[in-house]
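Engineer: Quick one, fold the following:
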Amino acid sequence: MNWRRAWTIALKEYTQFFRDRRTIAATMLMPLIQVVLYGYLSSDVRYQPTVVWDLSQSAESRQLLEAFTNSQYFSMKYRATSMAGVVRRIADGAALAGIVIPPNYATLLHQGKTPQVMVAVDASDATAARTSLSVAQAIGSSVSAKIERKAIAARGIPIPHVGVDIRARAWYNTALRQEVFIVPGVLALVMQFTMTFLSMSTIVRERELGTLEQLVVSPIRSSELMLGKMLPLMTIGYINVTAILLMAIFWFGVPIAGSVVLLYFTVLVFFFTTLGMGILVSTVAKTYIQATQLIQFFLMPSMLLSGFIFPVDAMPVALRALSYLVPLTYFLTIVRGIIIKGVGIDYLWPQIALLAALGLGVFVFAVTRFQKRID
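Structural biologist: Numbers count the residues shown, from 1 in each chain. The predicted model follows:
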(Lines give C-alpha, C1' and ligand atoms only; values in the text may rest on other atoms or scores of the structure.)
Protein backbone atom coordinates (compact mmCIF):
# COMPACT_ATOMS: atom_id res chain seq x y z
CA MET A 1 0.00 0.00 0.00
CA ASN A 2 1.24 3.46 -0.91
CA TRP A 3 0.53 5.60 2.13
CA ARG A 4 1.47 8.76 0.29
CA ARG A 5 -1.30 8.29 -2.28
CA ALA A 6 -3.77 7.37 0.49
CA TRP A 7 -2.84 10.54 2.37
CA THR A 8 -3.32 12.61 -0.79
CA ILE A 9 -6.87 11.27 -1.15
CA ALA A 10 -7.55 11.86 2.55
CA LEU A 11 -6.26 15.43 2.29
CA LYS A 12 -8.59 16.07 -0.64
CA GLU A 13 -11.55 14.73 1.35
CA TYR A 14 -10.62 16.89 4.36
CA THR A 15 -10.48 19.95 2.11
CA GLN A 16 -13.85 19.23 0.50
CA PHE A 17 -15.48 18.54 3.84
CA PHE A 18 -14.33 21.73 5.54
CA ARG A 19 -15.22 23.84 2.52
CA ASP A 20 -18.86 22.75 2.79
CA ARG A 21 -20.24 24.81 5.68
CA ARG A 22 -23.66 23.17 5.49
CA THR A 23 -22.20 19.69 5.99
CA ILE A 24 -20.01 20.91 8.84
CA ALA A 25 -23.01 22.46 10.58
CA ALA A 26 -25.09 19.31 10.18
CA THR A 27 -22.46 16.82 11.29
CA MET A 28 -20.88 18.85 14.08
CA LEU A 29 -23.71 20.83 15.64
CA MET A 30 -26.51 18.26 15.52
CA PRO A 31 -24.87 15.82 17.99
CA LEU A 32 -24.24 18.72 20.40
CA ILE A 33 -27.85 19.88 20.12
CA GLN A 34 -29.08 16.36 20.87
CA VAL A 35 -26.82 16.05 23.91
CA VAL A 36 -28.08 19.37 25.28
CA LEU A 37 -31.73 18.49 24.70
CA TYR A 38 -31.48 14.96 26.12
CA GLY A 39 -29.52 16.31 29.07
CA TYR A 40 -32.22 18.77 30.09
CA LEU A 41 -35.33 16.89 29.02
CA SER A 42 -36.96 14.58 31.50
CA SER A 43 -39.79 12.07 31.49
CA ASP A 44 -40.61 13.03 35.07
CA VAL A 45 -44.25 13.90 35.63
CA ARG A 46 -43.74 16.44 38.38
CA TYR A 47 -45.48 19.81 38.55
CA GLN A 48 -48.43 18.69 36.47
CA PRO A 49 -50.82 21.60 35.88
CA THR A 50 -53.87 21.05 38.06
CA VAL A 51 -57.30 22.67 38.17
CA VAL A 52 -58.97 23.01 41.59
CA TRP A 53 -62.62 23.41 42.53
CA ASP A 54 -62.62 24.06 46.25
CA LEU A 55 -66.19 24.28 47.50
CA SER A 56 -65.09 24.21 51.15
CA GLN A 57 -62.88 27.31 51.11
CA SER A 58 -61.65 26.43 54.58
CA ALA A 59 -58.32 26.20 56.35
CA GLU A 60 -58.58 22.42 56.19
CA SER A 61 -59.09 22.39 52.42
CA ARG A 62 -56.15 24.75 51.97
CA GLN A 63 -53.99 22.39 54.02
CA LEU A 64 -55.00 19.52 51.75
CA LEU A 65 -54.13 21.50 48.63
CA GLU A 66 -50.83 22.47 50.23
CA ALA A 67 -50.07 18.77 50.70
CA PHE A 68 -50.66 18.21 46.99
CA THR A 69 -48.42 21.15 46.12
CA ASN A 70 -45.64 20.03 48.47
CA SER A 71 -45.55 16.65 46.79
CA GLN A 72 -44.10 18.47 43.72
CA TYR A 73 -46.27 16.35 41.45
CA PHE A 74 -49.21 18.77 41.27
CA SER A 75 -49.11 22.46 40.41
CA MET A 76 -52.28 24.42 41.26
CA LYS A 77 -52.40 26.55 38.13
CA TYR A 78 -56.15 26.91 37.62
CA ARG A 79 -59.21 27.56 39.77
CA ALA A 80 -62.66 26.46 38.69
CA THR A 81 -66.09 27.58 39.86
CA SER A 82 -67.98 24.57 38.53
CA MET A 83 -67.51 20.98 37.51
CA ALA A 84 -67.80 22.08 33.89
CA GLY A 85 -64.76 24.28 34.42
CA VAL A 86 -62.76 21.31 35.72
CA VAL A 87 -63.82 19.18 32.76
CA ARG A 88 -62.98 21.90 30.25
CA ARG A 89 -59.47 22.52 31.61
CA ILE A 90 -58.63 18.81 31.43
CA ALA A 91 -60.37 18.28 28.09
CA ASP A 92 -58.51 21.06 26.29
CA GLY A 93 -55.16 19.88 27.69
CA ALA A 94 -54.49 22.93 29.86
CA ALA A 95 -54.61 20.82 33.04
CA LEU A 96 -53.54 17.22 33.50
CA ALA A 97 -55.33 16.74 36.81
CA GLY A 98 -58.35 18.10 38.66
CA ILE A 99 -59.15 18.24 42.39
CA VAL A 100 -62.70 18.70 43.66
CA ILE A 101 -63.18 19.33 47.40
CA PRO A 102 -66.77 19.04 48.73
CA PRO A 103 -68.43 21.95 50.59
CA ASN A 104 -68.75 19.97 53.85
CA TYR A 105 -65.08 18.91 53.86
CA ALA A 106 -64.09 20.78 57.06
CA THR A 107 -67.38 19.96 58.83
CA LEU A 108 -66.98 16.21 58.29
CA LEU A 109 -63.41 16.31 59.53
CA HIS A 110 -64.47 18.07 62.75
CA GLN A 111 -67.19 15.46 63.22
CA GLY A 112 -64.61 12.67 62.97
CA LYS A 113 -65.94 11.50 59.64
CA THR A 114 -64.21 10.88 56.31
CA PRO A 115 -64.93 13.36 53.51
CA GLN A 116 -64.45 12.23 49.91
CA VAL A 117 -62.19 14.26 47.62
CA MET A 118 -62.19 13.59 43.90
CA VAL A 119 -58.89 13.63 42.00
CA ALA A 120 -59.35 13.26 38.25
CA VAL A 121 -56.25 12.52 36.17
CA ASP A 122 -55.94 12.82 32.40
CA ALA A 123 -54.96 9.24 31.57
CA SER A 124 -54.15 9.91 27.92
CA ASP A 125 -50.55 9.24 28.94
CA ALA A 126 -50.94 6.02 30.90
CA THR A 127 -47.44 6.11 32.43
CA ALA A 128 -47.84 9.62 33.79
CA ALA A 129 -51.38 8.84 34.95
CA ARG A 130 -50.26 5.81 36.97
CA THR A 131 -47.73 7.95 38.82
CA SER A 132 -50.24 10.73 39.48
CA LEU A 133 -52.89 8.30 40.74
CA SER A 134 -50.42 6.63 43.08
CA VAL A 135 -49.15 9.96 44.40
CA ALA A 136 -52.72 11.18 45.00
CA GLN A 137 -53.52 8.06 47.04
CA ALA A 138 -50.27 8.45 48.99
CA ILE A 139 -51.13 12.08 49.77
CA GLY A 140 -54.53 11.00 51.04
CA SER A 141 -52.94 8.41 53.33
CA SER A 142 -50.39 10.92 54.63
CA VAL A 143 -53.02 13.61 55.33
CA SER A 144 -55.27 11.02 57.01
CA ALA A 145 -52.40 9.91 59.25
CA LYS A 146 -51.79 13.51 60.35
CA ILE A 147 -55.49 14.04 61.07
CA GLU A 148 -55.59 10.83 63.09
CA ARG A 149 -52.57 11.86 65.16
CA LYS A 150 -54.16 15.23 65.90
CA ALA A 151 -57.43 13.54 66.90
CA ILE A 152 -55.61 11.18 69.26
CA ALA A 153 -53.67 14.06 70.81
CA ALA A 154 -56.89 16.04 71.32
CA ARG A 155 -59.09 13.23 72.67
CA GLY A 156 -56.57 10.71 73.93
CA ILE A 157 -58.25 7.82 72.13
CA PRO A 158 -57.97 6.60 68.53
CA ILE A 159 -60.89 7.41 66.24
CA PRO A 160 -61.62 4.76 63.60
CA HIS A 161 -61.95 5.71 59.91
CA VAL A 162 -60.93 9.33 60.43
CA GLY A 163 -59.14 11.08 57.58
CA VAL A 164 -59.58 11.88 53.90
CA ASP A 165 -60.89 9.49 51.27
CA ILE A 166 -59.13 10.34 47.99
CA ARG A 167 -61.21 9.07 45.10
CA ALA A 168 -58.64 9.06 42.28
CA ARG A 169 -60.09 8.49 38.83
CA ALA A 170 -58.50 8.05 35.41
CA TRP A 171 -60.27 9.93 32.64
CA TYR A 172 -60.34 9.17 28.88
CA ASN A 173 -58.15 6.05 29.15
CA THR A 174 -59.58 4.22 32.11
CA ALA A 175 -57.77 0.97 31.27
CA LEU A 176 -54.44 2.88 31.29
CA ARG A 177 -53.33 1.40 27.96
CA GLN A 178 -50.10 2.97 26.76
CA GLU A 179 -50.85 2.34 23.08
CA VAL A 180 -53.84 4.69 23.34
CA PHE A 181 -51.33 7.47 24.01
CA ILE A 182 -48.56 6.32 21.66
CA VAL A 183 -50.48 5.56 18.45
CA PRO A 184 -51.99 9.07 17.95
CA GLY A 185 -48.57 10.55 18.63
CA VAL A 186 -46.98 8.26 16.07
CA LEU A 187 -49.56 9.42 13.52
CA ALA A 188 -48.49 13.04 14.03
CA LEU A 189 -44.78 12.19 13.97
CA VAL A 190 -45.04 10.04 10.84
CA MET A 191 -46.90 12.81 9.05
CA GLN A 192 -44.17 15.31 9.88
CA PHE A 193 -41.29 13.07 8.79
CA THR A 194 -43.01 11.70 5.67
CA MET A 195 -44.34 14.95 4.27
CA THR A 196 -41.18 16.92 5.04
CA PHE A 197 -38.91 14.38 3.37
CA LEU A 198 -41.21 13.96 0.37
CA SER A 199 -41.50 17.69 -0.35
CA MET A 200 -37.79 18.20 0.19
CA SER A 201 -36.69 15.24 -1.92
CA THR A 202 -38.95 15.94 -4.91
CA ILE A 203 -37.48 19.42 -5.37
CA VAL A 204 -33.84 18.58 -4.56
CA ARG A 205 -33.88 15.52 -6.85
CA GLU A 206 -35.22 17.65 -9.70
CA ARG A 207 -32.39 20.13 -9.14
CA GLU A 208 -29.78 17.37 -9.07
CA LEU A 209 -31.09 15.87 -12.32
CA GLY A 210 -31.31 19.27 -13.99
CA THR A 211 -35.04 18.93 -14.69
CA LEU A 212 -36.06 21.76 -12.34
CA GLU A 213 -34.42 24.32 -14.61
CA GLN A 214 -36.31 22.86 -17.56
CA LEU A 215 -39.60 23.35 -15.71
CA VAL A 216 -38.63 26.91 -14.78
CA VAL A 217 -37.97 27.99 -18.39
CA SER A 218 -41.24 26.41 -19.53
CA PRO A 219 -44.47 28.50 -19.74
CA ILE A 220 -45.65 27.08 -16.39
CA ARG A 221 -45.93 29.63 -13.58
CA SER A 222 -44.21 29.24 -10.21
CA SER A 223 -47.52 28.94 -8.38
CA GLU A 224 -48.68 26.25 -10.82
CA LEU A 225 -45.40 24.39 -10.37
CA MET A 226 -45.74 24.45 -6.58
CA LEU A 227 -49.39 23.37 -6.68
CA GLY A 228 -48.58 20.53 -9.03
CA LYS A 229 -45.81 19.40 -6.69
CA MET A 230 -47.88 19.63 -3.51
CA LEU A 231 -51.18 17.99 -4.52
CA PRO A 232 -49.75 14.47 -4.99
CA LEU A 233 -47.85 14.77 -1.71
CA MET A 234 -51.04 15.71 0.14
CA THR A 235 -52.81 12.73 -1.43
CA ILE A 236 -50.04 10.44 -0.22
CA GLY A 237 -50.27 12.06 3.20
CA TYR A 238 -54.01 11.39 3.48
CA ILE A 239 -53.49 7.78 2.38
CA ASN A 240 -50.92 7.39 5.17
CA VAL A 241 -53.26 8.98 7.72
CA THR A 242 -56.10 6.66 6.73
CA ALA A 243 -53.86 3.59 6.88
CA ILE A 244 -52.57 4.52 10.34
CA LEU A 245 -56.09 5.16 11.64
CA LEU A 246 -57.33 1.81 10.33
CA MET A 247 -54.40 0.04 11.94
CA ALA A 248 -54.99 1.93 15.20
CA ILE A 249 -58.62 0.82 15.28
CA PHE A 250 -58.44 -2.77 14.05
CA TRP A 251 -54.93 -3.79 15.14
CA PHE A 252 -54.29 -1.87 18.36
CA GLY A 253 -57.91 -1.46 19.39
CA VAL A 254 -57.62 2.33 19.78
CA PRO A 255 -61.07 3.86 19.17
CA ILE A 256 -61.51 7.31 17.64
CA ALA A 257 -63.65 9.12 20.17
CA GLY A 258 -64.01 12.39 18.25
CA SER A 259 -64.81 13.67 14.78
CA VAL A 260 -62.88 12.12 11.89
CA VAL A 261 -63.84 15.11 9.71
CA LEU A 262 -62.23 17.51 12.18
CA LEU A 263 -59.16 15.28 12.35
CA TYR A 264 -58.75 15.29 8.56
CA PHE A 265 -59.19 19.06 8.48
CA THR A 266 -56.45 19.63 11.06
CA VAL A 267 -54.20 17.24 9.14
CA LEU A 268 -54.59 19.54 6.12
CA VAL A 269 -53.60 22.51 8.29
CA PHE A 270 -50.54 20.60 9.52
CA PHE A 271 -49.55 19.76 5.93
CA PHE A 272 -48.71 23.42 5.33
CA THR A 273 -46.07 23.26 8.05
CA THR A 274 -44.47 20.00 6.92
CA LEU A 275 -44.49 20.92 3.25
CA GLY A 276 -43.14 24.36 4.07
CA MET A 277 -40.23 22.84 6.00
CA GLY A 278 -39.37 20.60 3.06
CA ILE A 279 -39.52 23.48 0.57
CA LEU A 280 -37.44 25.70 2.85
CA VAL A 281 -34.68 23.10 3.15
CA SER A 282 -34.73 22.55 -0.61
CA THR A 283 -33.92 26.24 -1.14
CA VAL A 284 -30.80 25.94 1.03
CA ALA A 285 -29.43 22.50 0.15
CA LYS A 286 -27.74 21.84 -3.18
CA THR A 287 -27.73 18.05 -2.94
CA TYR A 288 -29.98 15.37 -1.46
CA ILE A 289 -27.36 14.43 1.14
CA GLN A 290 -27.13 18.02 2.32
CA ALA A 291 -30.91 18.24 2.50
CA THR A 292 -31.23 15.09 4.64
CA GLN A 293 -28.59 16.44 7.01
CA LEU A 294 -30.14 19.90 7.29
CA ILE A 295 -33.65 18.55 7.81
CA GLN A 296 -32.49 17.00 11.10
CA PHE A 297 -32.19 20.52 12.53
CA PHE A 298 -35.97 20.77 12.19
CA LEU A 299 -37.14 17.23 12.84
CA MET A 300 -35.10 16.02 15.81
CA PRO A 301 -35.60 19.08 18.08
CA SER A 302 -39.25 19.17 16.99
CA MET A 303 -39.77 15.58 18.12
CA LEU A 304 -38.03 16.14 21.46
CA LEU A 305 -39.70 19.45 22.29
CA SER A 306 -43.25 18.70 21.14
CA GLY A 307 -44.26 16.42 24.01
CA PHE A 308 -44.13 13.22 21.97
CA ILE A 309 -41.56 11.66 24.32
CA PHE A 310 -41.07 14.11 27.18
CA PRO A 311 -43.93 16.03 28.86
CA VAL A 312 -43.81 19.71 27.97
CA ASP A 313 -44.67 20.72 31.53
CA ALA A 314 -41.62 18.82 32.84
CA MET A 315 -39.22 20.82 30.63
CA PRO A 316 -37.05 23.71 31.85
CA VAL A 317 -38.58 27.14 31.25
CA ALA A 318 -36.35 27.95 28.25
CA LEU A 319 -37.10 24.68 26.46
CA ARG A 320 -40.79 24.99 27.29
CA ALA A 321 -40.82 28.39 25.59
CA LEU A 322 -39.16 26.87 22.51
CA SER A 323 -41.76 24.09 22.43
CA TYR A 324 -44.48 26.69 21.83
CA LEU A 325 -42.73 27.57 18.55
CA VAL A 326 -42.92 23.96 17.35
CA PRO A 327 -46.05 23.24 15.26
CA LEU A 328 -45.93 19.56 16.23
CA THR A 329 -46.65 20.59 19.84
CA TYR A 330 -50.08 21.88 18.88
CA PHE A 331 -50.80 19.08 16.41
CA LEU A 332 -50.09 16.43 19.05
CA THR A 333 -52.55 18.12 21.41
CA ILE A 334 -55.16 18.24 18.64
CA VAL A 335 -54.72 14.64 17.50
CA ARG A 336 -54.76 13.22 21.03
CA GLY A 337 -57.68 15.45 21.96
CA ILE A 338 -59.79 14.20 19.04
CA ILE A 339 -58.83 10.52 19.14
CA ILE A 340 -58.51 9.93 22.88
CA LYS A 341 -60.76 12.53 24.52
CA GLY A 342 -63.32 13.03 21.78
CA VAL A 343 -63.28 16.82 22.15
CA GLY A 344 -64.36 19.13 19.35
CA ILE A 345 -63.37 22.44 17.85
CA ASP A 346 -64.94 24.35 20.76
CA TYR A 347 -62.12 22.97 22.95
CA LEU A 348 -59.34 22.79 20.37
CA TRP A 349 -59.76 26.05 18.46
CA PRO A 350 -56.81 27.82 20.21
CA GLN A 351 -54.42 25.02 19.21
CA ILE A 352 -55.86 24.89 15.69
CA ALA A 353 -55.52 28.68 15.29
CA LEU A 354 -51.90 28.67 16.48
CA LEU A 355 -51.06 25.68 14.28
CA ALA A 356 -52.62 27.41 11.27
CA ALA A 357 -50.69 30.62 11.97
CA LEU A 358 -47.35 28.84 12.32
CA GLY A 359 -48.03 26.56 9.35
CA LEU A 360 -49.06 29.33 6.99
CA GLY A 361 -46.13 31.45 8.12
CA VAL A 362 -43.61 28.69 7.39
CA PHE A 363 -45.29 27.75 4.10
CA VAL A 364 -45.53 31.30 2.73
CA PHE A 365 -41.93 32.07 3.70
CA ALA A 366 -40.68 28.84 2.11
CA VAL A 367 -42.65 29.32 -1.13
CA THR A 368 -41.52 32.95 -1.42
CA ARG A 369 -37.90 31.94 -0.95
CA PHE A 370 -38.28 29.09 -3.45
CA GLN A 371 -39.76 31.39 -6.08
CA LYS A 372 -36.87 33.80 -5.63
CA ARG A 373 -34.41 30.96 -6.11
CA ILE A 374 -35.95 29.85 -9.40
CA ASP A 375 -36.55 33.37 -10.83
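Engineer: Mind jotting down where the helices sit in the stretch 1-150 of the chain?
Structural biologist: All helices of the stretch 1-150 of the chain, identified by DSSP state H, counting those that start in this stretch, fall at 3-19, 21-24, 30-40, 59-70, 83-91, 105-110, 126-155.
Engineer: where among those is the average confidence lowest?
Structural biologist: Of all the helices of the stretch 1-150 of the chain, mean pLDDT reaches its minimum on helix 30-40 (a mean of 56).
Engineer: What count of nearby residues applies to Tyr172?
Structural biologist: Using other CB atoms under 10 Å, Tyr172 is surrounded by 21 other residues. For the C-beta atoms, the positions are set from N, CA and C on the backbone; glycine is no exception.
Engineer: Next: the one 5 residues further on.
Structural biologist: For Arg177, the neighbour count with other CB under 10 Å is 15.
Engineer: any idea how far Val254 is from it?
Structural biologist: Distance from Arg177 to Val254, counting by CB to CB, to the nearest Å: 8 Å.
Engineer: can you check Phe265 too?
Structural biologist: For Phe265 relative to Val254 (CB to CB), the value is 20 Å.
Engineer: now do Glu60
Structural biologist: Distance from Glu60 to Val254, by CB to CB: 42 Å.
Engineer: Looking at the two, which is more packed in?
Structural biologist: Using other CB under 10 Å, the more surrounded residue of Glu60 and Val254 is Val254, with 21 against 18.
Engineer: tell me the contacts of that one?
Structural biologist: By CB atoms under 8 Å, 6 or more residues apart in numbering, the contact list for Val254 reads 179-180, 183-184, 248, 339.
Engineer: For the stretch 251-375 of the chain, give me the ranges with low pLDDT.
Structural biologist: Regions of the stretch 251-375 of the chain meeting the criterion pLDDT under 70 cover residues 371-375.
Engineer: 80 instead?
Structural biologist: Within the stretch 251-375 of the chain, the ranges that satisfy pLDDT under 80 run 282-294, 296-298, 300, 309-316, 366-375.
Engineer: And the strands in the protein?
Structural biologist: Assigned by DSSP state E, the chain shows strands spanning 48-54, 74-79, 97-101, 116-122, 165-171.
Engineer: Partner strands of the second one and their direction?
Structural biologist: Within its sheet, and counting by DSSP bridges, strand 74-79 is paired with strand 48-54 (parallel).
Engineer: cool, and the shortest one?
Structural biologist: Based on DSSP bridges, the strands next to strand 97-101 in the sheet, each with its direction, are strand 48-54 (parallel), strand 116-122 (antiparallel).
Engineer: Could you dump those strands into TSV and include mean pLDDT, distance to Leu354 and mean neighbour count?
Structural biologist: Shown next, in TSV, are these (pLDDT from 0 to 100; distance: least, CB to CB, whole Å; neighbours: other CB atoms under 10 Å):
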stretch	mean pLDDT	distance to Leu354	mean neighbour count
strand 48-54	92	18	22
strand 116-122	92	20	22
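Engineer: could I get these as CSV with distance to Gln192?
Structural biologist: CSV is the format used below for these (distance: least, CB to CB, whole Å):
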stretch, distance to Gln192
strand 48-54, 25
strand 116-122, 24
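Engineer: Could you dump the strands of the chain into a markdown table with distance to Ile90 added?
Structural biologist: Shown next, in a markdown table, are the strands of the chain (distance: least, CB to CB, whole Å):
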| stretch | distance to Ile90 |
| --- | --- |
| strand 48-54 | 7 |
| strand 74-79 | 10 |
| strand 97-101 | 5 |
| strand 116-122 | 5 |
| strand 165-171 | 6 |
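Engineer: Quick one, which of the strands paired with strand 97-101 gets closest to Pro350.
Structural biologist: With respect to Pro350, and counting by CB to CB, the nearest of the strands paired with strand 97-101 is strand 48-54 at 15.1 Å.
Engineer: Could you check the angle that closest one makes with helix 126-155?
Structural biologist: With axes from the mean of the first three to the mean of the last three CA atoms, to 10 degrees defining the directions, strand 48-54 sits at 50 degrees from helix 126-155.
Engineer: and the residue nearest in space to the middle of the chain, how far is that from Ile182?
Structural biologist: Residue closest to the mean C-alpha point of the chain, counted by CA atoms, centre = their mean, is Gly307 at 3.1 Å. Distance of Gly307 to Ile182, computed by CB to CB: 12 Å.
Engineer: What of Leu133?
Structural biologist: For Leu133, the distance to Ile182 equals 19 Å [CB to CB].
Engineer: And Asp125, what's its pLDDT?
Structural biologist: For Asp125, the model assigns a pLDDT of 83.
Engineer: residues touching it, list them.
Structural biologist: By CB under 8 Å, 6+ apart, the residues touching Asp125 are 181, 311.
Engineer: Okay, domains of this structure per the record?
Structural biologist: With domains defined by automatic domain parsing, the chain comprises 48-171, 177-374.
Engineer: what angle separates the helix ranked longest in the chain from helix 126-155?
Structural biologist: The longest helix of the chain (DSSP state H) is helix 178-209. Angle, helix 178-209 to helix 126-155, by the same axes, to 10 degrees: 140 degrees.
Engineer: for helix 178-209, packing partners?
Structural biologist: Identification of packing neighbours for helix 178-209 by 3 or more CB pairs under 8 Å, 6 or more residues apart in numbering; DSSP states H and E yields helix 126-155, helix 211-216, helix 222-250, helix 260-284, helix 288-305, helix 327-336.
Engineer: Quick one: mean pLDDT over it.
Structural biologist: pLDDT averaged over helix 178-209 gives 83.
Engineer: Would you mark the buried spots in it?
Structural biologist: 180-185, 187-189, 191-192, 194-204, 206-207 (16 or more other CB atoms under 10 Å).
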